[in-house]
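Asks: okay, structure incoming, though there's no sequence with it:
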């Protein structure tokens, strides 16, 4: 059996001595953010519309591993978190050329005396949270360069949780032409952000990431395809999806044609909370002070696979433009390679890990698209290296040049299995094929905005099992 095949079967196990989850995209990847799921970035996707390249799609997810049946208080965007999508441009710096900021607001409840038996439903005395009539809306601010932020949309409705058919019938009766929570109903929450600003969608979706969590967290006791288990299967997440005209993001207001540093974006998403959080006597939370970043995500798996446990929280707090001075040693000398060596993975496979331990400029070059899509295609130096998802607007996207949800070999596969790609790069410089045994999502992706599948329904698609 050749080395590549052995490595694929053994799945190049990583002995993870940390108790923190790794290789689950950005799900609970750092100690502090694991305690704050509403602010936890999980995945980021970005790509240009194939062929015409006249639109840029950005899909950003928050809140990991949402159990569909997790009531009575179902997951939602936090009213106390500022969610942002950042877009740098060119090869001179990683400062934001455009920033989209999203703030959410949950409607209040007019609580009534439960002894008032004549009070109507939706009055605030219900056991079921969905009968309170609560809903959530959001507003969007756009900041271009150093200009002041401008509100481009407000009071947009968030798509509701997909609880079950009875909830849909009772709560949506008279409010929706659809008779079930289907793609048409979900699409009704797509809105224009403003004149010529593009479209937006926000709400729960199926978590499109797929990976063998059970095998990885048992000290990389991974399994081959056919026995590996998708640990994210059946879970939802909360999504903000954007469709933006390319002309709003390119350097000259035109649709680029061909490879260009000037029209290469650096995209990342973040979450921030105000510095002071005050717990009120009524149980509410009141924020004050400046906004402090608590989570971020650009390229999948960077904080998980490259950054050491002691610096994962610091990584979430800092800006990508400071990644080289703060974390450059992790990129150039991946600790996870030495972890794998320490438990005998490379020895068992007859592979010398020495070339993969240090001086890993190949990782930097891939992040900066140096030879993608052709040799010396991009000239992005160390001074503008950071955890951002690079996207060249002038050519069709393909990971790591963006991360498309469309274009996979099958409808339930994203364009590239990013776990396998990054495992292969980090552990073996891309010289060996490394896989985790899970290579498709539990639902098919959509061919249209917002691309991620419908969320799983709590009534009959949760993780419970029928009783005998």
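Replies: Structure's in. What do you need? Just so we're clear, the structure is a prediction, and the values are computed from it rather than from any experiment.

Asks: so where's the stretch 101-250 of the chain uncertain?
Replies: Along the stretch 101-250 of the chain, segments meeting pLDDT under 70 span 121-125, 173-176, 216-217, 219-221.

Asks: repeat the analysis, applying 80 as the threshold.
Replies: Applying pLDDT under 80 to the stretch 101-250 of the chain flags residues 110-114, 117, 119-127, 172-178, 215-222.

Asks: tell me where it has strands.
Replies: 136-144, 150-157, 191-194, 198-206, 236-245 (DSSP state E, counting those that start in this stretch).

Asks: distance to residue 413 and mean neighbour count added to those strands, as CSV?
Replies: No exception for glycine: its C-beta is placed from N, CA and C like everyone else's. Shown next, in CSV, are these (distance: least, C-beta to C-beta, whole Å; neighbours: other C-beta atoms under 10 Å):
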stretch, distance to residue 413, mean neighbour count
strand 136-144, 31, 18
strand 150-157, 31, 14
strand 191-194, 29, 16
strand 198-206, 14, 24
strand 236-245, 18, 24
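
Asks: quick one: closest of the ones you listed to residue 297.
Replies: strand 236-245 (12.3 Å; C-beta to C-beta).

Asks: immediately after that closest one, which helix or strand?
Replies: strand 264-279 (DSSP states H and E).

Asks: buried sites along that following strand?
Replies: 264-274 (16 or more other C-beta atoms under 10 Å).

Asks: who does it touch, helix- and strand-wise?
Replies: Counting contacts by 3 or more C-beta pairs under 8 Å, 6 or more residues apart in numbering; DSSP states H and E, strand 264-279 is packed against strand 41-48, strand 55-66, strand 81-89, strand 285-297, strand 389-392.

Asks: hey, what's the nearest residue to residue 293 once chain neighbours are set aside bridged with?
Replies: Spatial nearest neighbour of residue 293, excluding adjacent residues (C-beta to C-beta, 6 or more residues apart in numbering): residue 272 at 4.8 Å. Beta bridges link residue 272 to residue 82, residue 293, judged by DSSP bridges.

Asks: show the pLDDT at residue 272.
Replies: Predicted confidence (pLDDT) for residue 272: 97.

Asks: okay, the helices and strands packed on strand 264-279 in a markdown table with mean neighbour count next?
Replies: Formatted as a markdown table, those follow (neighbours: other C-beta atoms under 10 Å):
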| stretch | mean neighbour count |
| --- | --- |
| strand 41-48 | 26 |
| strand 55-66 | 25 |
| strand 81-89 | 23 |
| strand 285-297 | 16 |
| strand 389-392 | 25 |
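
Asks: any idea which of those scores lowest on pLDDT?
Replies: Minimum mean pLDDT among the helices and strands packed on strand 264-279: strand 285-297, a mean of 91.

Asks: and it, what does it pack onto?
Replies: Using 3+ C-beta pairs under 8 Å, 6+ apart: strand 285-297 touches strand 41-48, strand 264-279, helix 312-317.

Asks: got a list of what residue 265 touches?
Replies: Contacts for residue 265 were tallied using C-beta atoms under 8 Å, 6 or more residues apart in numbering; they are 46, 56, 87-89, 97, 249, 390-393.

Asks: spatially, what comes nearest to it if we skip its sequence neighbours?
Replies: residue 391 (4.6 Å).

Asks: OK, contacts around the one you found?
Replies: Here residue 391 is in contact with 46-48, 56, 264-267, 397, 401-402 (C-beta under 8 Å, 6+ apart).

Asks: closest one of those residues to residue 366?
Replies: When the contacts of residue 391 are compared against residue 366 (criterion: C-beta to C-beta), the nearest one is residue 401, at 10.1 Å.

Asks: list phi and psi for that closest one.
Replies: phi -80, psi 90 (degrees, to the nearest 10).

Asks: in the stretch 351-468 of the chain, where is pLDDT below threshold?
Replies: Ranges of the stretch 351-468 of the chain meeting pLDDT under 80: none found.

Asks: now the terminal residues of stretch 336-353, how far apart.
Replies: 11 Å (C-alpha to C-alpha, to the nearest Å).

Asks: residue numbering should commence at 15 henceforth.
Replies: I'll keep to 15 as the first residue from here, and by that count the last item is stretch 350-367.

Asks: quick one: buried residues of that stretch?
Replies: 350-351, 353-355, 357, 359-360, 363, 365, 367.

Asks: that stretch: how far from the chain's middle?
Replies: Offset of stretch 350-367 from its chain centre (C-alpha atoms, centre = their mean, to the nearest Å): 30 Å.

Asks: over to stretch 344-353?
Replies: With C-alpha atoms, centre = their mean, you get 24 Å for stretch 344-353.

Asks: dump the buried residues of strand 278-293 into CSV; add distance to residue 182 as well.
Replies: Converted to CSV, the buried residues of strand 278-293 look like this (distance: C-beta to C-beta, whole Å):
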residue, distance to residue 182
278, 44
279, 38
280, 40
281, 34
282, 35
283, 30
284, 33
285, 30
286, 34
287, 33
288, 35
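
Asks: could you identify the most distant pair in the residues you listed?
Replies: 278 and 288 (33.4 Å).

Asks: let me know how buried the residue lying closest to residue 396 once chain neighbours are set aside is, in neighbour terms.
Replies: Using C-beta to C-beta, 6+ apart and skipping residues adjacent in sequence, the residue nearest residue 396 is residue 338, 5.6 Å away. Counted with other C-beta atoms under 10 Å, residues neighbouring residue 338 total 18.

Asks: avg pLDDT for the helix or strand encompassing residue 338?
Replies: For residue 338, the enclosing helix or strand under DSSP H and E is helix 337-346. Taken as a whole, helix 337-346 has an average pLDDT of 95.

Asks: what residues are up against residue 283?
Replies: 55, 58, 74, 97-100, 310-312 are the contacts of residue 283 under C-beta under 8 Å, 6+ apart.

Asks: actually residue 264, sorry about that
Replies: 270, 277, 407.

Asks: top of the residues you listed by number of neighbours, please.
Replies: residue 407 (26 neighbours).

Asks: ramachandran angles for it?
Replies: phi -70, psi -20.

Asks: if I pick it, what's in contact with it?
Replies: 62, 67, 70, 260, 263-264, 269-270, 274, 277-279.

Asks: with distance to residue 378 added, can I get these in JSON lines?
Replies: Formatted as JSON lines, those follow (distance: C-beta to C-beta, whole Å):
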{"residue": "62", "distance to residue 378": "24"}
{"residue": "67", "distance to residue 378": "27"}
{"residue": "70", "distance to residue 378": "25"}
{"residue": "260", "distance to residue 378": "27"}
{"residue": "263", "distance to residue 378": "24"}
{"residue": "264", "distance to residue 378": "25"}
{"residue": "269", "distance to residue 378": "29"}
{"residue": "270", "distance to residue 378": "24"}
{"residue": "274", "distance to residue 378": "20"}
{"residue": "277", "distance to residue 378": "21"}
{"residue": "278", "distance to residue 378": "15"}
{"residue": "279", "distance to residue 378": "18"}
